[in-house]
Each structure stands twice: as structure tokens, then as C-alpha cells.
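Participant: how would this look folded up:
(2 chains)
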Amino acid sequence: MTTTAAPTTGERTARKNHPGAAPRKRRSGRLRRIGLPYLLLFPAILLELLVHLVPMVIGIVVSFKELTQFYIRDWGTAPWAGFDNYALSVDFDAPVGEALLRSFLTTCLFTVLSVGLCWMLGVAAAIFMQESFRGRGFLRTIFLVPYALPVYAAVITWSFMFQRDNGLVNHVLHDQLGLTGSPPFWLIGDNSFVALLVVSVWKGWPFAFLIIMAGLQNIPKDVYEAAALDGAGIWQQVRRITLPALRPVNQVLVLVLFLWTFNDFNTPFVLFGKAAPEAADLISIHIYQSSFQTWNFGTGSAMSVLLLLFLLVVTGAYLWFTSRGRKATDA
Amino acid sequence: MRRSRAAAVGALTLSLALTMAACGGGSSGTEGSNEQPKTLTYWASNQGANLEVDKKVLQPELDKFEKETGIEVKLEVVPWADLLNRILTATTSGQGPDVLNIGNTWSASLQSSGALLPWDAKNFEAIGGKDRFVRSALGSTGVQGQDPAAVPLYSMAYALYYNKKMFADAGIEKPPATWEELAETGRKLSEDGKWGLGAEGSNLSNNIHQVFVLAKQHGADFFTPEGKADFTSDGAVAAVKQYVDLMAKDKIIAPGNAEYAQNQSLSDFAKDKTAMVLWQTASATFKTQGMNEDEWGVAPAPVQSGEPGQGTATNSMVAGINMAVFKNTKNIDGAKKFVKFMTSDEEQIILNKAYGSIPPVKAAQQDPAFDTPSLTVLRETLATSAAALPQVPEESQFETVVGTAVKELFADAAAGRPVTTESVRDKLEKAQQQMPKK
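Facilitator: This is a model prediction of the structure:
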């Protein structure tokens, strides 16, 4: 043992005493200091490039191409289309543009309703669950089930329940409660919008609940106690303390819910299949159909880019407004 | 600021690199290689009641092939709903199987992508020549005048399946032969929660198959001879209206069928809720639904009631599965050997028997297994009165947009909204304008 250890120590001392060693070590130290963060970030940057930027750039390039099945084997050779794909997408008098606009408006309405309902349910449940009572833990778990279930399995179950002749929904509404004259359709026709909204809210509100519940933990209890002493009722407490204190949480929550809902593809796709009913033709499905079902990849990409621009503008405006508002209140 | 400039430079470099890579990755016309002569990947379409059934049917045959040639075939059974997208992805990335099944109606669409090996005279010679195959099956292997993109594997045709018990209960002696008779028979059967005819209103392909046949009977096609979309001709409009009217006007299809897309109409048939279905090779499904062979009958699908000048007597599309080879296969000789094996007389009998379909190979058709009353109807239909769907590159888009139009019309009919010639023409007009420009 000692015999092997001794030379090592000797070597180390020798190296340390070497005249050229000190500056080199300093240099490598500086390099490490400056380079290390980049080195550590490198895998993340690389993945970010691969997962997000590369497809995005390809998508933008493709949106300027006339890419149909004749060129998919080698899309680089597809002829350039200039702004034709964009012109086609925004020509609201022609069927393609008209359908896109209708789908866009449907999605806007759907998003506002879905996010609004998710948020309201989430806030209500979180406030209700703040007080501890028997069975609170159990209820909390139940509330989070939709969030924990795999989307596909959950939505396909809903699609069974919404079937007109054998589904549970009509069994309850029509057979048991007798609320409808004849059993309504949920998966085709105008009601499909309602069906989609129900599933979307069912799936989305537990997330709002979870986030708001976490936000509520940060509000000191004594604020409420003081307010109660001053004679504030429960509703006033919610309006004057809870909601203002939740503001930063809500700001992020609403933005995230908005983006998720606006881009939701899984729910309508699993619920309705490849061809969604007109009333529930969300924009993501619409773009999918425009590119993958009619093999018109250029037009589909142009629509995607337009959607991206829209979401960027809305998100930017939202962040600008909300942060300005916050600065004003802070001041 | 500096960061965003760096990002912009990065994105620009990246896009340039990609463009260059894309331009450089050109497709040479080469027909595969033999770098990996010992293995093949095979994407089989889902033919049986489920994916497991397919594996059980196919694996023993693949083992047999491996014993004969020493080539191992890796099997993947792909569900119908995914197959076309999977093929598209494989085409784009170049990472696909060596051999695959395609729906025969997609032949021309996939042919136009240039990803499939063309079956020229030399390649056909390697599998025993074109003359071994039935003519109608060869009619849906690609655009006419070009080398076929695929080889027929299983053939099917539409026929009218009827529930013998329900017919007997209603005192009906023979299946209808014309659409008028069908409506009349259907009305007699549609009462007490039972219905005359089943449909799959939300299944786009099925919608297409039905309205295509009706259009042929009205003397119309959905494409001009030059291959341009022509969805709004009087014949096409009449055909779509006639089909949807079976629900809207004749009321012999249950409104609930408007949302069917998973073969629910076949379950209704097996449960004595629906008396008739227009289907291709349904016997295997009826069997899995617990029906005996003698509980249902098969008749040729109806035709128009013989008014002069009204189209031909087409009463089915040429349905079936083709087998294709990806051009960039690394085992071109093995792939051809495998196609030869699967289309050999012996394998054709085994496979088509297992799936209840008809061999597109003439010699195999002679086997007594295909002489049952139901299969004889299908065989006769294929031989004499079936027409291939338009063999144009835009066929798959046509299935989507017109199939969706029919689905929406069914939704209208189910909701009790009127289906008129104008509303049909309007939907078809919109469908046509969604087709890619040529």
C-alpha cells in the first residue's frame, strides 16, 4: 500500500512545483468558470433545438412550398409557392379560408368557455377545500383523478358515454330523467360542441384546482382573521383578499390553460376521429386534416405558422398588460 | 439583445443547413439494394377481427417462408386507422418497412409519391407474370398506363347481406335486387326499433365506397377522364342524395347510424336489430359476433331499376388489399421473393380462406373453399360488375373530403334537417374546393 501511495504523492508534489503548471491551472480554472454554465446548458440547448426549433424552421420553410404527395418523399424538391399557401388560408370567401376562419372562431369561443369554467371550478373547489373537514383528503384525491388519467383512455371512455343509442349520457338524460323528447346526438351535429366542452372542462379544471390550492397556501391566515375582526364576510374576504393575493398565480394559470386549450388536439381527435363535426372543428384538428388528410402539407404549414403568430401576439399582449397592471398596483 | 441576435443567426444557419441537406438528399431512381439479404420487415394491414388474429394467421406462413429461403420476416400488423399515416411518415423519412400492405384504393395516391417499387414486366415476371391475376384486381394497382405500384393480395367485393330470420318474420321471401325494392323491403322491416338497412355514416371510406357505386349507376364518376375532380356533376349529386335519402327520406336506416364508424352496424345485424347491410366480406365478422353461417344470406348489391341509359350495372367497387415494396428496401431480391411467396397459389388459398376474402390469383380461385354460396356471389361480382375506384393520385384526398361531406349530410338527416339536391351540391362543391390545386 505505502509503496504505491508514495510515488503518487511525490508526483503530485512534483507537478505542483513545476514552473509552468500554475498559469495553466489558472487558465483552465477561468475557462471552467465561464464555460461551465454553457457546458451544463449544452444538452438542454441541443434538445431544445432538436425538439422545437428544427421542426419549427422546417414548418416555416414548408409553408412556402407546394408540398403534396408528389414531393413528400423528398420535400426539398417541392416547388416554391411564395405566399400562395398563406393567400389560400386567409381568403375567407373561398371554402378553405372560410373553413379556417370558422374553425378559428369556434376555437376562440371554445377556449374562452373552457378556460373560464375550468378557472371558476378550480377557484371554487380550492376555496372550499381550504377549511379542513372530514374526508377532505379523499375528495382532493378524487378531484385530481381526471388530471392523473391518461388522456386517451379518459376521452375514449367519454366517447362511449356520449354515444346516442348505447351511451350513458343519453341513458341518464333521456331514459331516466326524461329531459329530452328523443335521445340527442352528442358526437355529430351541433351538440358536439357541448360534448367537447364538457370533456375539456372535466380534464382541465383539476389543474386549475391544484395550482390555486398551492397559491392559497401562501396567503397568511392572520390577514383573514384581521378582516373578519373588521367585519368582512366570506364573500368580501374572497373578493378583497383571496383573489388579489392569487393574482400572480392566476396570471400564469390562465395563460397556460389558454395555450393548452387553444392547441388541444387529443381531446377532439379521440372524441370525434379524423373528421370532427363542423360545430366542434377545433383549429388543431382542422390543420391536421388540411395537411395530413388531404395531403396538402404546404397549406397546413401555412395555417400552423398563422396560428403560431396569433398565439405569440396574444401571449405577448397578455403578458404586457398583466405585468403593467401589476407594476401599477405595486407602485 | 445580444442573445436574440445569436438565436437569429443560429436559426438562419440551421435553416440553411436543412435546406442544403434537403436538396442534397435527392431521390435517385435506384430500385433498392441487397445489403441486408437475411431480413425483411413487413407491415400487414389489419384483416382479422383484431391484431392478434392477424398474427396467428400470418406467423406460421412467415415461418414457412423463412424455412424455404432463410429470410426472417419481421411482422407488424398495423390498424387501418393508422396505416395510411404510417405509410406517409415512412415515405417522408425513408425509414419504412421493406414490404407492406396497402388498401388498393390508395394505389395511385401512393404511386405518385414515388416511394413504391414499380411492378414492370421484369418484376412481374419474377412472381409468375401478370396473367396469373384477375383483371379487375389488377385494375386497382395504380394509374392506367403506368407500371403498377402494387400487386393484388386479397380481393373483396360488396354484396347485400340479409338476416334470414328477420326476413322470415316480416314474410319477405327474397332479397331486393333494385334500390326501389330495397327501400320497399326496408320499410316493411323498419318498425318496433328494428331497421331495414345498416350504414356507417361516420366512416369516410365506407361512405365513399357506397356513393361511388351509386354514381357509377347514375353514369357519373368523381373524376374527369383527365383526372380532375368532378364532384358536382348531376350524377354524383344524385348518387350522394340517393344514399343519404335511405335515412332522410326512405327512413330505413336508423338515425343513430349517422355516428357509426366502428362496424357497429354489423353488431346490430348480428343482434337482429338491422335486417340488411351492404358490406364487403362480412362473414368472418358475423362469425365473431356469434352468428351461424345459415342465419344470413348474401345477394348481389342492388342496381337502379333498369331505366334506359342509366349507367352500367356496376354494383360494387373493387375492394381489396395490395402488396407493395418500398423502393429503398435493403433486400430487394428477398422482398420480391416474399411477394412471390404470398401470391403463390398455395398461400393465396390459405390466407384468403382465413380472412374470408377471394384470391385475386386465378388458379387459387378454383379451390373448392371459395365455392360457398356467399363467396360465389362476391366472386361473380368481382368478375362481372365491380369497378375500381378512380385510379388518380388524389384518390385518398377524395376519400377524405367527399367522405366527410357524406358524413355531414348524414348528421343533417339524423337531426331531421332537410337533405335537398341543393344542400348535397353545396357540400360537394365545398369538398371539391378543398382538393389541392393541380
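Participant: other SSEs contacting the helix or strand where residue B:107 lies?
Facilitator: Mapping residue B:107 onto the secondary structure by DSSP states H and E places it in helix B:107-112. Using 3 or more CB pairs under 8 Å, 6 or more residues apart in numbering or on different chains; DSSP states H and E as the contact criterion, the secondary-structure elements in contact with helix B:107-112 are helix B:395-414. (Glycine included, C-beta is placed from N, CA and C.)
Participant: Please state the offset of the helix it packs on from the chain centre?
Facilitator: 16 Å (CA atoms, centre = their mean, to the nearest Å).
Participant: And the average pLDDT for that helix is what?
Facilitator: The average of the pLDDT scores along helix B:395-414 is 94.
Participant: wait, does it contact chain A?
Facilitator: Yes. Applying CB under 8 Å from any CB of the partner chain, one finds helix B:395-414 in contact with chain A at B:396, B:397, B:400, B:401, B:403, B:404, B:407, B:408, B:410, B:411, B:412, B:414.
Participant: and what of stretch B:209-226?
Facilitator: No. No part of stretch B:209-226 sits near chain A under the criterion CB under 8 Å from any CB; the closest distance found is 14.7 Å.
Participant: and the end-to-end length of that stretch?
Facilitator: Stretch B:209-226 has an end-to-end distance of 21 Å (criterion: CA to CA, to the nearest Å).
Participant: now swap in stretch B:362-379 and tell me
Facilitator: First-to-last residue span, stretch B:362-379, CA to CA: 11 Å.
Participant: Which positions within stretch B:65-75 qualify as buried?
Facilitator: Along stretch B:65-75, the positions that meet the burial threshold by neighbour count (16 or more other CB atoms under 10 Å in any protein chain shown) are B:65, B:69, B:71, B:73, B:75.
Participant: could you give the mean pLDDT of whichever helix or strand comes after the helix holding residue B:107?
Facilitator: Using DSSP H and E, the next helix or strand after helix B:107-112 towards the C-terminus is helix B:121-126. Confidence for helix B:121-126, expressed as mean pLDDT, is 94.
Participant: Tell me which residue of chain A lies closest to chain B.
Facilitator: Proximity to chain B, evaluated over chain A using CB to the nearest CB, is greatest for residue A:76 at 2.8 Å.
Participant: so where do the strands sit in chain B?
Facilitator: In order along the chain, chain B carries the following strands (DSSP state E): B:39-45, B:72-78, B:99-103, B:151-156, B:158-163, B:195-198, B:274-280, B:296-300, B:316-317, B:319-325, B:386-387.
Participant: Look at the residue of chain A closest to chain B and give its secondary structure.
Facilitator: The local conformation at residue A:76, judged by DSSP: H, G, I helix; E, B strand; the rest coil, is helix.
Participant: Spell out which residues of the stretch 101-250 of chain B are next to chain A.
Facilitator: B:109, B:110, B:112, B:113, B:114, B:115, B:201, B:202, B:204.
Participant: what's the burial count for residue B:411?
Facilitator: Burial measure for residue B:411: 25 neighbouring residues, criterion other CB atoms under 10 Å in any protein chain shown.
Participant: Could I get the pLDDT score of the closest residue to residue A:280 other than its chain neighbours?
Facilitator: Taking CB to CB, 6 or more residues apart in numbering or on different chains, and ignoring the residues beside it in sequence, residue A:280 has residue A:192 as its nearest neighbour in space, at 4.0 Å. The confidence metric pLDDT takes the value 95 at residue A:192.
Participant: go on, residue A:224?
Facilitator: 88.
Participant: Might you report the residue contacts of it?
Facilitator: Residues in contact with residue A:224, defined by CB atoms under 8 Å, 6 or more residues apart in numbering or on different chains, are A:237, A:241.
Participant: continuing past the strand or helix carrying it, what's the next helix or strand?
Facilitator: Assigned by DSSP H and E, residue A:224 belongs to helix A:221-229. Elements were assigned by DSSP H and E; along the chain past helix A:221-229, the next helix or strand is helix A:234-237.
Participant: quick one on the thing from earlier: just give me the neighbour total for the residue of chain A closest to chain B.
Facilitator: As a burial measure, residue A:76 scores 18 neighbours (other CB under 10 Å).
Participant: what do you get for residue B:292?
Facilitator: Neighbours of residue B:292 under the rule other CB under 10 Å: 8.
Participant: Okay, it and residue B:163: tell me how far apart.
Facilitator: In this structure, residue B:292 lies at 12 Å from residue B:163, with CB to CB, to the nearest Å as the measure.
Participant: joint contacts of those two?
Facilitator: When contacts are counted by CB under 8 Å, 6+ apart, residue B:292 and residue B:163 have no shared neighbour.
Participant: dump the residue contacts of the closest residue to residue B:432 other than its chain neighbours.
Facilitator: Taking CB to CB, 6+ apart, and ignoring the residues beside it in sequence, residue B:432 has residue B:231 as its nearest neighbour in space, at 4.3 Å. Residue B:231 is in contact with B:222, B:398, B:402, B:428, B:429, B:431, B:432, counting by CB under 8 Å, 6+ apart.
Participant: pretty sure the second one is in contact with residue B:221, am I right?
Facilitator: Meaning residue B:398. No. Counting by CB atoms under 8 Å, residue B:398 does not reach residue B:221; the two are 10.9 Å apart.
Participant: In contact with the most centrally placed residue in chain A: list those residues for me.
Facilitator: Relative to the mean C-alpha position of chain A, the nearest C-alpha, by CA atoms, centre = their mean, is the one of residue A:260, at 2.7 Å. Neighbour list for residue A:260: residue A:204 [criterion: CB under 8 Å, 6+ apart].
Participant: Recalculate using a threshold of 10 Å.
Facilitator: A:111, A:114, A:115, A:118, A:200, A:203, A:204, A:207 (CB atoms under 10 Å, 6 or more residues apart in numbering or on different chains).
Participant: Over to the last one. Which of the three states is it?
Facilitator: The reference is to residue A:207. helix.
Participant: ok now do the nearest residue to it once chain neighbours are set aside, which residues does it touch?
Facilitator: Setting aside the residues directly before and after it, residue A:207 is nearest to residue A:147 in space (CB to CB, 6+ apart), at 5.6 Å. Residues counted as contacts of residue A:147 (CB under 10 Å, 6+ apart) are A:154, A:202, A:203, A:204, A:205, A:206, A:207, A:208, A:209, A:210.
Participant: Check what pLDDT the first one gets.
Facilitator: Right, residue A:154. 94.
Participant: Might one say that it is in contact with residue A:160?
Facilitator: No. Using CB atoms under 10 Å as the test, residue A:154 is too far from residue A:160 to be in contact (11.1 Å).
Participant: For these two, work out which one has more neighbours and name it.
Facilitator: Here residue A:154 and residue A:160 are set side by side on neighbour count (other CB under 10 Å), and the busier one is residue A:154, at 19 against 11.
Participant: which ones are touching that one?
Facilitator: By CB under 10 Å, 6+ apart, the contact list for residue A:154 reads A:145, A:146, A:147, A:148, A:199, A:202, A:203, A:266, A:267, A:270.
Participant: Where does it sit, in terms of helix or strand?
Facilitator: Counting by DSSP H and E, the secondary-structure element that holds residue A:154 is helix A:151-161.
Participant: Excluding its own residues, what touches the following helix or strand past that helix? List them.
Facilitator: Heading C-terminal from helix A:151-161, the first helix or strand you meet, by DSSP H and E, is helix A:168-170. For helix A:168-170, the external contacting residues (CB under 10 Å, 6+ apart) are A:157-158, A:160-164, A:176, A:179-180, A:182-186, A:195, A:198.
Participant: show me which of those residues neighbour chain B.
Facilitator: A:162, A:163, A:164, A:182, A:183, A:184, A:185, A:186 (CB under 10 Å from any CB of the partner chain).
Participant: ok, the third one - contacts?
Facilitator: Contacts for residue A:164 (CB under 10 Å, 6+ apart) come out as A:170, A:174, A:182-189, A:191, B:254-260, B:414.
Participant: Show the end-to-end separation of stretch B:248-261, please.
Facilitator: This stretch, stretch B:248-261, spans 19 Å end to end (CA to CA).
Participant: Buried ones in that stretch, by neighbour count?
Facilitator: In terms of neighbour count (16+ other CB under 10 Å), stretch B:248-261 has its buried residues at B:248, B:250-261.
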